[in-house]
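Student: next comes the sequence, and after it the predicted model I'd like to discuss.
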Amino acid sequence: MNATVIRKKRISNSGSAWLRGLVWTAAALTVGLLAAMIVNLTVKGLPHLKSSLFAWTYTSENVSLLPAAVNTLVMTLIALLVAVPAGIGAAVYLVEYAKRGNWFVGLVRVAAETLAGIPSIVYGLFGAIFFVRRIGCGKSLLAGGLTLAVMILPLVLRTAEEALKAVPDLYREGSFGLGAGRVRTVFRIVLPAAAPGLFAGILLAIGRIVGESAALVFTSGTVAQVATGLFDSGRTLSVHLYAISGEGLYVGETYATSVVLLVFVIALNAVAGLIQKRFV
């Protein structure tokens, strides 16, 4: 009996060691690939960073990326202002108000998971048909931002739902026991407790917005100037990167733009992280 137990423990320890090794290998591979990408972009892009790349007006001589950066920031704000309240509100309904096991809840979850896996170019075609033509926004920042909002809505919804489900039911029961209503419990107890998970979803959504290009070619256009209004066309940094890399004339500027895009994403995530630490 003792020999059998010892043998089982050895097998268990051996299996744990193998799993631990696989986990560490996967982590090292991921970090190594990320570091290699960052080093490659930095080495090839930093020598080509110059002041002309940050001119307010784009020309074929300076290939300025500043207009695209401004358009990216505006479009990110539009998408988040539409998708975040809608996604979190839908998640609150599904978790806090809908009955457990409701067929409608299951249908919404399946639809959200399906929409999250649709290629971005399909969203671009939808935006071109619905926002650009049907509603009449034209190729503009507004059409691009609304398309991005539809694209990230399933991501925000699912992450917010999981964050709310992770809040222990004891929190809700304690609030109800003290006489608080459901609305007060949701906004004063549940949402603050789920805030880290909600911000994680928002960070993922920001990353997808900034890196998107296929959908925006059909909806916001490729005009390389700062949009003066929501109904003006304008390219984002990712579309700008795609455009100049496709021309084959600005190889150095392409790598420099890649570095700026990487820094831009890191900066947005850092700002969101500071907001999370400050208010959560």
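Tutor: Perfect, I can see it now.
Student: who touches the spatially most central residue of the chain in this structure?
Tutor: When Cα atoms, centre = their mean is applied to the chain, the residue found nearest the centroid is Ala205 (1.8 Å). Contact partners of Ala205, counting by Cβ atoms under 8 Å, 6 or more residues apart in numbering, are 79-80, 83-84, 152, 155-156. Bear in mind the C-beta positions are built from the backbone N, C-alpha and C, glycine included.
Student: can you classify it by secondary structure?
Tutor: Per DSSP: H, G, I helix; E, B strand; the rest coil, the local secondary structure of Ala205 is helix.
Student: how much space between it and Tyr93?
Tutor: Look at Ala205 and Tyr93: by Cβ to Cβ, to the nearest Å, they are 19 Å apart.
Student: low pLDDT regions in the stretch 1-150 of the chain?
Tutor: Across the stretch 1-150 of the chain, the ranges flagged by pLDDT under 70 are 1-15, 101.
Student: domain map for the chain?
Tutor: Using automatic domain parsing, the domain parsing of the chain gives 2-48, 52-279.
Student: winner for burial among those?
Tutor: Mean neighbours per residue, mean count of other Cβ atoms under 10 Å, is largest over the domains of the chain for domain 52-279, with a mean of 18.
Student: next helix or strand past the helix or strand hosting Lys44?
Tutor: Using DSSP states H and E, Lys44 maps to helix 2-45. Heading C-terminal from helix 2-45, the first helix or strand you meet, by DSSP H and E, is helix 66-92.
Student: tell me which other helices or strands that next one touches.
Tutor: Applying 3 or more Cβ pairs under 8 Å, 6 or more residues apart in numbering; DSSP states H and E, one finds that helix 66-92 contacts helix 141-165, helix 191-210, helix 237-247, helix 251-279.
Student: any idea how far the first helix or strand past that helix going along the chain is from the chain center?
Tutor: As assigned by DSSP H and E, the chain's next helix or strand after helix 66-92 is helix 103-116. Chain-centre distance of helix 103-116: 19 Å, with Cα atoms, centre = their mean, to the nearest Å.
Student: equivalent analysis for stretch 159-170, please.
Tutor: 20 Å.
Student: now do the same end-to-end measure for it.
Tutor: Taking Cα to Cα, to the nearest Å, stretch 159-170 runs 21 Å from one end to the other.
Student: export stretch 19-34 to CSV, keeping only CA atoms.
Tutor: Listed next in CSV are the C-alpha coordinates belonging to stretch 19-34 (Å, rounded to 0.1, in the frame of the first residue of the first chain):
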residue,chain,number,x,y,z
LEU,A,19,3.4,21.0,-16.8
ARG,A,20,5.5,23.6,-15.0
GLY,A,21,8.2,23.3,-17.6
LEU,A,22,5.6,23.7,-20.5
VAL,A,23,4.1,26.8,-18.8
TRP,A,24,7.6,28.3,-18.3
THR,A,25,8.5,27.5,-21.9
ALA,A,26,5.4,29.1,-23.3
ALA,A,27,5.9,32.2,-21.1
ALA,A,28,9.5,32.5,-22.2
LEU,A,29,8.6,32.0,-25.9
THR,A,30,5.9,34.7,-25.7
VAL,A,31,8.1,37.2,-23.9
GLY,A,32,11.0,36.4,-26.3
LEU,A,33,8.9,37.0,-29.4
LEU,A,34,7.5,40.2,-28.0
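Student: who's in contact with that stretch?
Tutor: Under Cβ under 8 Å, 6+ apart, the answer for stretch 19-34 is an empty list.
Student: what's the answer for stretch 110-119, then?
Tutor: 153-155, 157-158, 214.
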